[in-house]
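Participant: Test case, fold it:
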Amino acid sequence: MPGPIDEEKWRLWAERVWRFEQSGLTGAEWCRREGLPLEQYYLWWRKLPAHGGCVRRACRGCLERH
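Facilitator: Sure thing, here's the model as predicted:
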């Protein structure tokens, strides 16, 4: 079972995942443009569903509910 997660970080990363998925860019290209480490992005991409996010998608509904 996953441990507690900081709600502010959850929202930030859910929004980032959503923006990435809307971008049409590769993960490496998107992270380079955002100034984020690719490894950190993929860590959160896997972590969000384990903490109640949509399965592999950070949809707008999730962002509004959480």
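Participant: The longest helix seen in the chain packs against which elements?
Facilitator: Secondary structure of the chain per DSSP state H: the longest helix is helix 7-23. When contacts are defined as 3 or more Cβ pairs under 8 Å, 6 or more residues apart in numbering; DSSP states H and E, helix 7-23 packs onto helix 27-34, helix 38-50, helix 60-65. In short, each C-beta sits where N, CA and C put it, glycine included.
Participant: Can you give the contact residues for the first one?
Facilitator: Residues external to helix 27-34 that are found in contact with it (Cβ atoms under 8 Å, 6 or more residues apart in numbering): 16, 20, 23, 25, 37, 38, 41, 42.
Participant: what about 7 Å?
Facilitator: 20, 23, 37, 38, 41, 42 (Cβ atoms under 7 Å, 6 or more residues apart in numbering).
Participant: Report the angle between it and helix 7-23.
Facilitator: 120 degrees (axes from the mean of the first three to the mean of the last three Cα atoms, to 10 degrees).
Participant: Buried residues, helix 27-34. List them.
Facilitator: By neighbour count on 16 or more other Cβ atoms under 10 Å, the buried set for helix 27-34 is 30, 31.
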